[in-house]
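Trainee: coords below, sequence missing:
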Ligand SMILES: C[S@@+](CC[C@H](N)C(=O)[O-])C[C@H]1O[C@@H](n2cnc3c(N)ncnc32)[C@H](O)[C@@H]1O
C-alpha cells in the first residue's frame, strides 16, 4: 500500500521466539498495515516533524515502527491503559532495536501525561465518554508547542451508514476481546473543530475512508510557529 511501510518486517517484530505458536499480533500488524489507510495517511505529516511525539492510546505501538522504518527520528512515547498491549509494544520495539522509543501504561480517562511537542490520537477517542474525550483533546492541545501538531484519526458521529458500520465494528472488537473498553460514541465534527480552533490551531480535515466502509477522518491541528 505504501513503499515506505514494510508490513512484513514490522509484523515479524511481533513474533516472540518464546511463544512460537502465538502469531496473533504479527498477523494483526500485517493486516492493519496492508489494509488501513491510517499509517500511510499520518506518515507524510509526521516523517519530518522534529517535535517529540506523544501517541495517546498507542496499542501495540505500530506507529513507532512505521516512523522509524521511514527514517523519522523524533523521540516517540506511546501510552495505553492496556498493560498487555504495552508489553507487546515494548517487546517488539526492543526486538527491532527502535531508538528513542518508549512505552508506558496510562489511563487517559485520568488525564494526559505531561509532554511538550506533537501528539497523535489515533482511533481511540470513541472509547471515552463525551466529557472525557474533551478532556483528552484539551490535554493534548496543552502539549502543543509552537510549530507542533495534533493529529486525530477518528470516526465522526453523523447520520451516515458508514457511521453505523464503524460503530458496529468497534463493538465486535470489544466482544472478541481485542479492545478492553466498550466504544462509547464518536465525536461530532463541529464540536471537535470548535475546540481546536478556539485554541488558536490551524485545523484541516481530510476524509480517511480508504477502500473500506468506515466513517473515518484525519484531523490535523497545528499550533502556528
Ligand atoms: C483501536 S485501538 C488504536 C491503537 C492505535 N492508536 C492504532 O491506531 O493502531 C484503541 C486503543 O485505545 C486504547 N484505550 C482505550 N481507552 C483508553 C484509555 N482510557 N486510556 C488509554 N488507552 C485507552 C485501547 O487500549 C487501544 O489500544
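Mentor: Noted; the coordinates are in hand. Just so it is clear, the model here is predicted, and its values are computed rather than measured.
Trainee: neighbours around residue 70, how many?
Mentor: 18 (other CB atoms under 10 Å). From N, CA and C alone the C-beta is placed, and that goes for glycine too.
Trainee: try residue 144
Mentor: Neighbour number of residue 144 under other CB under 10 Å is 22.
Trainee: Do you have the helices of the protein handy? List them.
Mentor: For the chain, the helices defined by DSSP state H cover 7-12, 24-35, 38-46, 62-69, 83-95, 130-143, 161-175, 189-198.
Trainee: The last one packs against which elements?
Mentor: With contacts defined as 3 or more CB pairs under 8 Å, 6 or more residues apart in numbering; DSSP states H and E, helix 189-198 has these neighbours: helix 130-143, strand 149-155, strand 202-207, strand 216-222.
Trainee: which helices and strands sit right next to the longest one?
Mentor: Other helices and strands packing on helix 130-143, by 3+ CB pairs under 8 Å, 6+ apart, are strand 53-56, strand 118-122, strand 149-155, helix 189-198.
Trainee: from the middle of its chain, how far away would the third one be?
Mentor: Put plainly, it is strand 149-155. In terms of CA atoms, centre = their mean, to the nearest Å, the centre of strand 149-155 is found 8 Å from the chain centre.
Trainee: Check the shortest one too.
Mentor: Computed by CA atoms, centre = their mean, the chain-centroid distance of strand 53-56 equals 8 Å.
Trainee: outside of it, which residues touch it?
Mentor: 46, 61, 63-64, 67, 74-79, 108, 112-113, 115, 117-122, 124, 136, 140, 143 (CB atoms under 8 Å, 6 or more residues apart in numbering).
Trainee: So which of the helices and strands packed on helix 189-198 is the most surrounded?
Mentor: strand 149-155 (a mean of 23; mean count of other CB atoms under 10 Å).
Trainee: coming back round to it: quick one, which of the helices and strands packed on helix 130-143 is nearest to the ligand?
Mentor: Of all these, strand 118-122 sits nearest to the ligand, with 3.6 Å by CB to the nearest ligand atom.
Trainee: that older thread, save the helices of the chain as CSV, and put in mean pLDDT too.
Mentor: Formatted as CSV, the helices of the chain follow (pLDDT from 0 to 100):
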stretch, mean pLDDT
helix 7-12, 96
helix 24-35, 92
helix 38-46, 95
helix 62-69, 98
helix 83-95, 97
helix 130-143, 96
helix 161-175, 71
helix 189-198, 96
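Trainee: Distance to the ligand for the ones you listed - can I get that in a markdown table?
Mentor: Output for those, formatted as a markdown table (distance: least, CB to the nearest ligand atom, whole Å):
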| stretch | distance to the ligand |
| --- | --- |
| helix 7-12 | 12 |
| helix 24-35 | 7 |
| helix 38-46 | 6 |
| helix 62-69 | 5 |
| helix 83-95 | 5 |
| helix 130-143 | 8 |
| helix 161-175 | 7 |
| helix 189-198 | 17 |
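Trainee: if we compare those helices, which one ends up closest to residue 206?
Mentor: helix 38-46 (7.3 Å; CB to CB).
Trainee: What is the closest one packed up against?
Mentor: Looks like helix 38-46 contacts helix 24-35, helix 62-69, strand 118-122, strand 149-155, strand 216-222 (3+ CB pairs under 8 Å, 6+ apart).
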